[in-house]
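A.B. asks: with the sequence up front, the predicted model follows.
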Amino acid sequence: MNRNVKIAILFASLMNLSKGIWAFTTLSLYLKALTNKTSKVGFAEGLQGCVQAIFAFGAGLLVDSTRRDSVLKVGGIIGLLAVATTLLGLVGQFPWLSSSDHQYAVLLIALGLWGCFQGIFITAVDSIFADSVSTGERTKLYTFRFVIGAISNTTGPFIALCLFSYHDKEHQTSLETLRDVFVVGVVLNIIPCIVLFLFNDDHSLGIDSEPHFTRVSSSSNGVTRSGFDYEPLDGENESVNSNNNSEQELHHLSVNCNNHGGNEFSRSLSLQEYSEIEDNKHFVKHHHVPGILVASDIVSGLGSGMTVKFFPLYFREELDFSPVHINAVYIALSVFTILTSFLVHRFSNHIGRIQASLLFCYVGAASLGTMGVLDGFLRENKSLFILPLYYLSALVHSTRPVKKSVLMDFTKKNSRGFYNSFDSITRFGWSGSAVVGGLVVDHFGYYNLFLITAALQAVSTSILVLLIPVVPVREIPVITVVDDDNGERDIVDTS
């Protein structure tokens, strides 16, 4: 396994463990106890999300124009500053911090730094990870990294559960108890910040990690990429003959050609070349795939961002769960997500990555919508109906590794930073639209918030339908077509 891949997996596990202690449940509960206003919780979470989005785009430009490991070192320094500022707001003994309003203001600055940190590391880590994984193997490794992160998501809430369990139920939601748990999680965040300094661009792969349909031309100066589009050699007269083996999903193709000497010959075509020719038959082209995926994820991220940060408050206020119970819910959610991510991967191997994503995302959106409807009508025994639907709604997030593998398979290396920057506002936990969520909860209740999010997720999923004719059902390695100086074309299988 590539060194950068190992470091990325280590970073994901440590980051998710520490965030699982303070960011999933404790942060929202602490801010609500400090300010006693849901709208202020939403503003703080929204501020973090918006700063995260802004710096993600800046990081994307840097990542595509300079060394990715240098950007990650800057991110590590900002992460350490975020830790220090958060601890100042939580345990600072200065007289001017005696007011809850001043503590809230310091935490706003800290959350802004956390947003900056997350915007940088999400963009840069995902880009160097994609550069270090061979095309055709991404779904497997992206799912593996996702599962390791989900296991850490289980460990973090479990540590928080143990810390809360030392106190009786009445004191679990006190400001002092929430602060103690908060501090433990933030201090542990120092370790993943340091891990960011271990990445090295020199360990990234070369052409093996290029996107599908890459073609290079040889010259006296070496090998240079010439883009995605299929362009026949001068004098080639194409007549494509296909023998499709449905069981293996392979195409055995030949094309009749005239070389520069006027002699006719036949040569084989790779699946990539055939797909490029087929590309011309569809309205959606291969170079449209990244944009469509990003558009879908942005719509989903806006919906999830309004809701995800308020689930701890919903469980506390509507279902009367203690912090111990809430963390237990998140532990079970992480286990469920791990199992379903494997299920999505298995389905994608049989029906295709986009098809599997559509199936699970529609089920997730429908479950969240049903949850909103039931919450508006049920008055007793809510948890018996709400919790199963809550877990099913997480199926939307179980498809992330599969969709991310598609994105990286169709994105050129020098554009991966740009497209990964969008991931900062689309992954589970983004909170840029939490400001809107807080206002909706204060004025219309939680159930309307769930319905709005479910509708946005359904729209997001429907956008993916455009990719069905373009994305291959089976994941395939990159096969590069090399044009030599004599005008002949060789197929270089990098698998």
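C.D. replies: Yes, it's here.
A.B. asks: where do the helices sit along the stretch 201-350 of the chain?
C.D. replies: Taking DSSP state H, counting those that start in this stretch, the helices of the stretch 201-350 of the chain run over residues 271-279, 289-307, 311-317, 323-351.
A.B. asks: now these as CSV including distance to residue 153 and mean neighbour count?
C.D. replies: Every residue, glycine included, has its C-beta placed from N, CA and C. CSV is the format used below for these (distance: least, CB to CB, whole Å; neighbours: other CB atoms under 10 Å):
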stretch, distance to residue 153, mean neighbour count
helix 271-279, 37, 19
helix 289-307, 15, 23
helix 311-317, 14, 20
helix 323-351, 4, 19
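A.B. asks: make CSV out of those helices and add distance to residue 408.
C.D. replies: Shown next, in CSV, are the helices of the stretch 201-350 of the chain (distance: least, CB to CB, whole Å):
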stretch, distance to residue 408
helix 271-279, 16
helix 289-307, 9
helix 311-317, 30
helix 323-351, 15
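A.B. asks: quick one: closest of those to residue 7.
C.D. replies: Among the helices of the stretch 201-350 of the chain, the nearest to residue 7 by CB to CB is helix 323-351 (21.4 Å).
A.B. asks: just checking, what packs against whichever helix or strand comes after that closest one?
C.D. replies: Reading on from helix 323-351 to the C-terminus, the next helix or strand found by DSSP states H and E is helix 353-377. Packed against helix 353-377 by the contact rule (3 or more CB pairs under 8 Å, 6 or more residues apart in numbering; DSSP states H and E) you find helix 323-351, helix 382-393, helix 395-398, helix 400-409, helix 446-463.
A.B. asks: of the ones you listed, which is nearest residue 289?
C.D. replies: With CB to CB as the criterion, residue 289 lies closest to helix 400-409 of the helices and strands packed on helix 353-377, at 6.9 Å.
A.B. asks: quick one: distance of whichever helix or strand comes after that closest one to the chain centre.
C.D. replies: Using DSSP H and E, the helix or strand that follows helix 400-409 towards the C-terminus is helix 416-421. Distance of helix 416-421 from the chain centroid (CA atoms, centre = their mean, to the nearest Å) equals 11 Å.
A.B. asks: report the buried residues of the helix or strand just after helix 416-421.
C.D. replies: Per DSSP H and E, the first helix or strand lying C-terminal to helix 416-421 is helix 434-444. Across helix 434-444, burial judged by 16 or more other CB atoms under 10 Å covers 434, 435, 436, 437, 438, 439, 440, 441.
A.B. asks: kindly report the same for stretch 127-139.
C.D. replies: In stretch 127-139, counting by 16+ other CB under 10 Å, buried: 127, 128, 129, 130, 131, 132, 133, 134, 135, 136, 138, 139.
A.B. asks: how about the residue nearest to the fifth one when sequence neighbours are not counted, phi and psi?
C.D. replies: Counting by CB to CB, 6 or more residues apart in numbering, residue 131 lies nearest to residue 204, which is 4.0 Å off, once chain neighbours are set aside. Taking degrees, to the nearest 10, you get phi -70, psi 160 for the backbone angles of residue 204.
A.B. asks: on the three-state scheme, residue 86 is what?
C.D. replies: For residue 86, the assignment made with DSSP: H, G, I helix; E, B strand; the rest coil gives helix.
A.B. asks: run through the residues that contact it.
C.D. replies: Residue 86 makes contact with 107, 110, 114, 182, 186, according to CB atoms under 8 Å, 6 or more residues apart in numbering.
A.B. asks: one more pass at 7 Å, please.
C.D. replies: Residues in contact with residue 86 (CB atoms under 7 Å, 6 or more residues apart in numbering) are 107, 110, 186.
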